[in-house]
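>>> test case, fold it:
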Amino acid sequence: MQRGVITLEETVQPSKQMRTSQGTGLDPNIAAALSYLFGFVTGIIFLLIEKEDRFVRFHAMQSIIVFGALFIATTVINIIPLLGQLISLLLSVLGIVLWIMLMFKAYQGEEWEVPVLGKIAREQMSKV
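Alright, predicted model coming up:
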């Protein structure tokens, strides 16, 4: 080997063994991120499909609870004329920011809990 020359063998890192989720066949971080894709709907789907991986199931449960609560809150608040529509608009913006953040955190492999609602999701996981 010449000095200053990097060979192919030195640059190739041994590949990590990827674990896949049993129910979905996807990498757990991808399955967890996808459980947020269409809010509580995909949360329900991934909760029903995935029976083993607690990481995916937690994110699916959190998706159901967080986006279900946002859906109900927005629907109820929309009943109030004018003020309700303004509050609903703010909740929608909050929901979009939260949605992006939750998908990102799940993809990164973190079990980040939304304050209050994430704790409820975790408690529900212990019952399921």
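>>> thought residue 65 was touching residue 121?
Yes: using Cβ atoms under 8 Å, residue 65 is in contact with residue 121, at 4.9 Å. C-beta here means a position set from N, CA and C on the backbone, and glycine is covered the same way.
>>> measure residue 54 to residue 77 for me?
34 Å (Cβ to Cβ, to the nearest Å).
>>> so between these two, which is more surrounded?
Neighbours per residue (other Cβ atoms under 10 Å) separate residue 54 from residue 77, with residue 77 holding more: 17 against 13.
>>> show me what contacts that one?
Going by Cβ atoms under 8 Å, 6 or more residues apart in numbering, residue 77 touches 84, 87-88, 91.
>>> which strand or helix spans residue 103?
Taking DSSP states H and E as the criterion, residue 103 maps to helix 83-107.
>>> now that helix: buried residues?
88, 91, 95, 98-99, 102-103, 105-106 (16 or more other Cβ atoms under 10 Å).
>>> between those, which is nearest residue 58?
For the buried residues of helix 83-107, the minimum distance to residue 58 (Cβ to Cβ) is 9.2 Å, reached by residue 106.
>>> returning to that earlier point: let me know the average pLDDT across the helix holding residue 103.
On average, the pLDDT along helix 83-107 is 95.
>>> give me the contact list for it.
Contacts for helix 83-107 (Cβ under 8 Å, 6+ apart): 29-30, 32-33, 35-37, 39, 59, 62-63, 66-67, 70, 73-74, 77-78, 80, 112, 114.
>>> out of the residues you listed, list just those in strands.
Taking DSSP state E, every one of the contacts of helix 83-107 sits outside strands.
>>> now the helices for the protein?
Along the chain, counting by DSSP state H, helices occupy 8-11, 28-34, 40-49, 54-77, 83-107, 117-127.
>>> low-confidence ranges, this structure, go.
Applying pLDDT under 70 to the chain picks out residues 1-22.
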